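1. Below are the sequence and a predicted model for it; my questions follow.
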Amino acid sequence: MEHLSLVDWSRAQFALTALYHWIFVPLTLGLTFIVAIMETIYVKTGDEWWKKTTKFWMTLLAINFAIGLATGIIMEFEFGTNWSNYSWIVGDIFGAPLAIEGIMAFFMESTFFAVMFFGWDKVSKRFHLISTWLVAIGSNLSALWILVANGWMQHPVGMHFNPDTARNEMTNFWDLLFNPNAYTKFLHTISSGYVLASLFVISVSAWYLLKGREIKFARRSIMVAASFGLIVSLFNLTTGDDAARQNALNQPVKLAAMEGLYNGKNGAELVAFGILNPKKSVDNNQKEFLFKLPIPYGLSVLSYHKVNAFVPGLKELVYGDKAHNIMSAKEKIQKGKIAVAALKEYKEAKAKGDKEKAKEALAKFEANSKYLGYGYLKKPTDVVPPVATTFYAFHTMVGLGFWFIILFIISLYYVMINELHSKKWLLRLAVLSLPLGYIAQEAGWITAEVGRQPWAIQDMLPVGMATSNIQSSSVMLTFWLFAIIFTALLIAEVKIMTTQIKIGPKEA
Amino acid sequence: MNTIKKVANFYIDGFKSMKLGKKLWAIVAIKIFVLFVIIKLLFFPNILQEQFKSDKARSNYILEQLTGE
């Protein structure tokens, strides 16, 4: 766990890259579907208005796609340079999903994307529509493979650690693909992208209505986006529930941090809104919250679907709780240290050609390898992630998610009774909700990634052991380099996008 | 052959008729150049590939890291 500043800079750089990358991706994921729905209406009705509407949103999709393209590749650069230990250890697991993602993205982008943008009036309506749907499905499937890889880091399954090569080897591809953490994360992530895209369409359309222009276009767009947004938001709620349940089963420390739960209890409440006590830690008896609005039994129901289920708090997870069969972090650290020592003994015995001792050491390692990562932690409280960041990020995401549902319902109601254009307050709220959509997106990833600290791979590899032994100054330099490049790209995105929005659908 | 020509023309015509697209392609081209040529080559070497010649040497190095040698 040395090189703390190196670890911090490597973390910061990865976080910066991921957060910027995630500004572009969710809009593409969702807007492809909205465009496909609009084009379907055009093909079904033959109404040229819908073609114009589709083409306008497709233009904005193209801007977002082009500016966001390849921003994720930087994370792969970082794996090889800043996270070489991690890359080596996970290499065999990540290889398959990332290769599938690359091939899929290449073929989709070079064929169906081209038909979608260049093919108007050159291919049949039906073929064009199929291409648009394939772009939507393909780009979402592309996200699947990345999220399978991420899901594996949060809940590693379908592999075996080879002590001779120090690599994890895939033993079952299907376990990897159908890892409950992976598909839950996939569904929750892509549906959140659909919510953002719906907000985007509503927000831009609301701006037109506020300006008193493109009325018919804006109303139709809001009709589609609010309907789509409402359906996917409700779906997003269910996938969020599944994600919380997965945390309860596989990452209980993260769940406890998300809820600021220090002392476990039966019939645990859910905190709808709360202000954490900044003086509270696992080691003291200060109260957890300065203020909170609890929903009785909510956390037990969400986590285990039982009113009186016991939800462990950070104290039980750190210090153990025999009554609920929870092993303490201290015991896990001891087992982890046994695993590390056994790995060393195995390596030395192999080098000396002592087969008997190697066999004995290997058996000891295998018996404790589940706790390998704990062997690198210094103290039990190291298993606790930054509670405040995790708690506030989670509650921001959830709170905004509920606001978006309300916005979709109200917008849909007023657009259906043809009164939306006169509700200036709602239109202003709709415009303001777009940045909130991006905040919710980023808050979701902060919850997922900060909440799983200190792990790069859950229980197996702490972040401090995952980094390369390089100069922190080089990571610092590239951090600022990326900050400048990404900010420039973001400015370009906003500038080109707003110019195109001001031009409006007539020129699309 | 005719099909290949048709596909090629489809792409060529598509690129030619672009308005906003030309600006976007320029951004994509500059970005790819900066990311892959400048940043990747200058700042992001694959550490294990550069420092070790074989997978065995890389494995040994990582095992040393994991076992605290």
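-> Yep, it's here.
2. Which positions within the least confident helix or strand in chain B by mean pLDDT qualify as buried?
-> Lowest by mean pLDDT, DSSP states H and E among the helices and strands of chain B is helix B:2-16, with a mean of 76. Residues of helix B:2-16 classed as buried by neighbour count (16 or more other CB atoms under 10 Å in any protein chain shown): B:Phe10, B:Gly14. All C-beta spots, glycine's among them, are computed from the backbone N, C-alpha and C.
3. Same check on stretch B:30-47?
-> Of all the residues in stretch B:30-47, those buried under the rule 16+ other CB under 10 Å are B:Lys31, B:Leu35, B:Ile39, B:Lys40, B:Phe44, B:Pro45, B:Ile47.
4. Could you check how far it is from the centre of its chain?
-> In terms of CA atoms, centre = their mean, to the nearest Å, the gap separating the centre of stretch B:30-47 from the centre of its chain is 8 Å.
5. That stretch and chain A in contact?
-> Yes. Judged by CB under 8 Å from any CB of the partner chain, stretch B:30-47 comes into contact with chain A through B:Lys31, B:Ile32, B:Val34, B:Leu35, B:Phe36, B:Ile39, B:Lys40, B:Phe43, B:Phe44, B:Pro45, B:Asn46, B:Ile47.
6. The second one: which element?
-> It stands for B:Ile32. With the criterion set as DSSP states H and E, the secondary-structure element containing B:Ile32 is helix B:20-32.
7. orientation of that helix relative to helix B:2-16 in degrees?
-> Here helix B:20-32 points in a direction 90 degrees away from that of helix B:2-16 (axes from the mean of the first three to the mean of the last three CA atoms, to 10 degrees).
8. mind listing what's buried in helix B:20-32?
-> If you call a residue buried by 16+ other CB under 10 Å, then helix B:20-32 has these buried ones: B:Leu20, B:Gly21, B:Leu24, B:Ile27, B:Val28, B:Lys31.
9. isn't the fifth one right up against A:Leu69?
-> Yes. Using CB atoms under 8 Å, B:Val28 makes contact with A:Leu69 at a distance of 5.8 Å.
10. Name the nearest residue to the residue in the stretch 51-200 of chain A that chain B sits nearest to, ignoring sequence neighbours.
-> When distances are taken as CB to the nearest CB, the stretch 51-200 of chain A approaches chain B most closely through A:Phe118, which lies 2.8 Å from it. Nearest-residue entry for A:Phe118: B:Gly14, 2.8 Å, with adjacent residues in sequence omitted and distances by CB to CB, 6 or more residues apart in numbering or on different chains.
11. Same check on A:Val201?
-> Nearest residue to A:Val201, sequence neighbours excluded (CB to CB, 6+ apart): A:Ala225, at 3.6 Å.
12. Please apply the same query to A:Ser369.
-> A:Ala339 (5.3 Å).
13. Give me the number of neighbouring residues for that neighbour.
-> Taking other CB atoms under 10 Å in any protein chain shown as the criterion, the count of residues near A:Ala339 is 25.
14. Could you do the one 4 residues further on as well?
-> Taking other CB under 10 Å as the neighbour definition, A:Leu343 ends up with a count of 25.
15. now it: how far from A:Pro385?
-> When distances are taken as CB to CB, to the nearest Å, A:Leu343 and A:Pro385 turn out to be 26 Å apart.
16. Quick check: A:Leu210 vs chain B, distance?
-> The spacing between A:Leu210 and chain B, counted by CB to the nearest CB, to the nearest Å, is 24 Å.
17. Just give me how far the host helix or strand of that residue sits from the chain centre.
-> If you go by DSSP H and E, A:Leu210 is part of helix A:180-211. Distance, stretch centre to chain centre, for helix A:180-211: 14 Å (CA atoms, centre = their mean).
18. Now do the buried residues in that helix.
-> For helix A:180-211, the neighbour count (16+ other CB under 10 Å) marks A:180-209 as buried.
19. Next, count neighbours for A:Lys265.
-> 16.
20. Now do the contacts for it.
-> A:Phe310, A:Val311, A:Gly313 (CB atoms under 8 Å, 6 or more residues apart in numbering or on different chains).
21. contacting residues for the nearest residue to the last one once chain neighbours are set aside?
-> Put plainly, it is A:Gly313. By the measure of CB to CB, 6+ apart, the closest residue to A:Gly313 outside its immediate chain neighbours is A:Gly264, 3.9 Å from it. Under the criterion of CB under 8 Å, 6+ apart, the contact list for A:Gly264 reads A:Ala256, A:Phe310, A:Val311, A:Pro312, A:Gly313, A:Lys315, A:Glu316, A:Asp321, A:His324.
22. Would you mind pulling up the elements that the least confident helix or strand of chain B packs against?
-> helix A:113-118 (3 or more CB pairs under 8 Å, 6 or more residues apart in numbering or on different chains; DSSP states H and E).
23. elements contacting the helix it packs on?
-> Against helix A:113-118 (3+ CB pairs under 8 Å, 6+ apart) you get helix A:48-68, helix A:125-154, helix B:2-16.
24. Could you export those as JSON lines, including distance to A:Asn418?
-> Formatted as JSON lines, the helices and strands packed on helix A:113-118 follow (distance: least, CB to CB, whole Å):
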{"stretch": "helix A:48-68", "distance to A:Asn418": "16"}
{"stretch": "helix A:125-154", "distance to A:Asn418": "29"}
{"stretch": "helix B:2-16", "distance to A:Asn418": "39"}
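25. Out of the ones you listed, the one nearest A:Glu78 is which?
-> In this view, those are compared for proximity to A:Glu78 by CB to CB, and helix A:125-154 is the closest at 14.2 Å.
26. Can you list the helices and strands that the closest one packs against?
-> Secondary structure elements in contact with helix A:125-154, counted by 3+ CB pairs under 8 Å, 6+ apart, are helix A:4-45, helix A:84-107, helix A:113-118, helix A:173-177, helix A:180-211, strand A:455-457.
27. Tell me the pLDDT of A:Gln185.
-> No, residue A:185 isn't Gln; it's Lys. The predicted local distance difference test score for A:Lys185 is 93.
28. Hey, what's the angle from the helix or strand of chain A with the lowest mean pLDDT to helix A:180-211? Just curious.
-> Taking mean pLDDT, DSSP H and E as the measure, chain A has helix A:84-107 as its least confident helix or strand, at a mean of 80. With the same axes, to 10 degrees as the criterion, the two stretches helix A:84-107 and helix A:180-211 enclose an angle of 60 degrees.
29. does any part of helix A:84-107 sit near chain B?
-> Yes. For helix A:84-107, a contact with chain B is found by CB under 8 Å from any CB, at A:Ser84, A:Asn85, A:Ser87, A:Trp88, A:Ile89.
30. What about the last one, how many residues nearby?
-> It refers to A:Ile89. For A:Ile89, the tally of surrounding residues (other CB under 10 Å) stands at 24.
31. Then A:Leu234?
-> Residue neighbour count, defined by other CB under 10 Å, stands at 12 for A:Leu234.
32. Give me the distance from whatever helix or strand it lives in to the chain's centre.
-> In this assignment (DSSP H and E), A:Leu234 forms part of helix A:215-250. For helix A:215-250, the gap between its own C-alpha mean and the chain's C-alpha mean amounts to 15 Å (CA atoms, centre = their mean).
33. Report the angle between the helix holding B:Ile32 and helix A:48-68.
-> Between the direction of helix B:20-32 and that of helix A:48-68, the angle (the same axes, to 10 degrees) works out to 20 degrees.
34. Which neighbouring elements make contact with helix B:20-32?
-> Using 3+ CB pairs under 8 Å, 6+ apart as the contact definition, the elements that helix B:20-32 packs against are helix A:48-68, helix A:472-503.
35. Tell me the helices and strands packed up against the shortest one.
-> Right, the one you point to is helix A:48-68. Packing partners of helix A:48-68 (3+ CB pairs under 8 Å, 6+ apart): helix A:4-45, helix A:113-118, helix A:180-211, helix A:215-250, helix A:472-503, helix B:20-32.
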